[in-house]
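Asker: This is a predicted model, with the sequence first.
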Amino acid sequence: MHEEEMAVAIVGMIGVFGLPFLGCVIWMFLHYLFAAFRTWQETGLKRDMIARGYTVQEIVDVVAASRRCKNKNRVSDVPPAKPIRQPAYMGS
């Protein structure tokens, strides 16, 4: 009878202390996975805008708007973009 009581106590402790810890680990994993995915998409957007010939200031404005930045000051010392020779997207 003591072994069965010990098993119930161990299962109860794992349920009380283990499941919240597991939930926290899963939440942290999903949080950083989403942050990495958002950074990956933002990098793709920046590359596409550079390939299409957008100025650096326009890229900064778009990224600041997509992040919902509270700082809406324009950066005055950003150099202009260089012209490109071909379009980024060759549609059919």
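Answerer: Thanks, I have it.
Asker: tell me the secondary structure for Met28?
Answerer: Here Met28 is recorded as helix under DSSP: H, G, I helix; E, B strand; the rest coil.
Asker: and Phe34, backbone torsions?
Answerer: Backbone geometry at Phe34, expressed as degrees, to the nearest 10, gives phi -70, psi -40.
Asker: State the distance from it to Met28.
Answerer: Taking C-beta to C-beta, to the nearest Å as the measure, Phe34 falls 11 Å from Met28. From N, CA and C alone the C-beta is placed, and that goes for glycine too.
Asker: likewise Leu22?
Answerer: 11 Å.
Asker: For stretch 45-54, give the mean pLDDT please.
Answerer: Mean per-residue pLDDT for stretch 45-54: 90.
Asker: which strands and helices sit next to the lowest-mean-pLDDT helix or strand in the chain?
Answerer: Within the chain, no helix or strand scores below helix 56-66, which has a mean of 82 by mean pLDDT, DSSP states H and E. Contacts defined by 3 or more C-beta pairs under 8 Å, 6 or more residues apart in numbering; DSSP states H and E place helix 56-66 against helix 19-52.
Asker: Could you give me the buried positions within the helix it packs on?
Answerer: Across helix 19-52, burial judged by 16 or more other C-beta atoms under 10 Å covers Met49, Ile50.
Asker: which stretches of this protein have low pLDDT?
Answerer: 1, 66-92 (pLDDT under 70).
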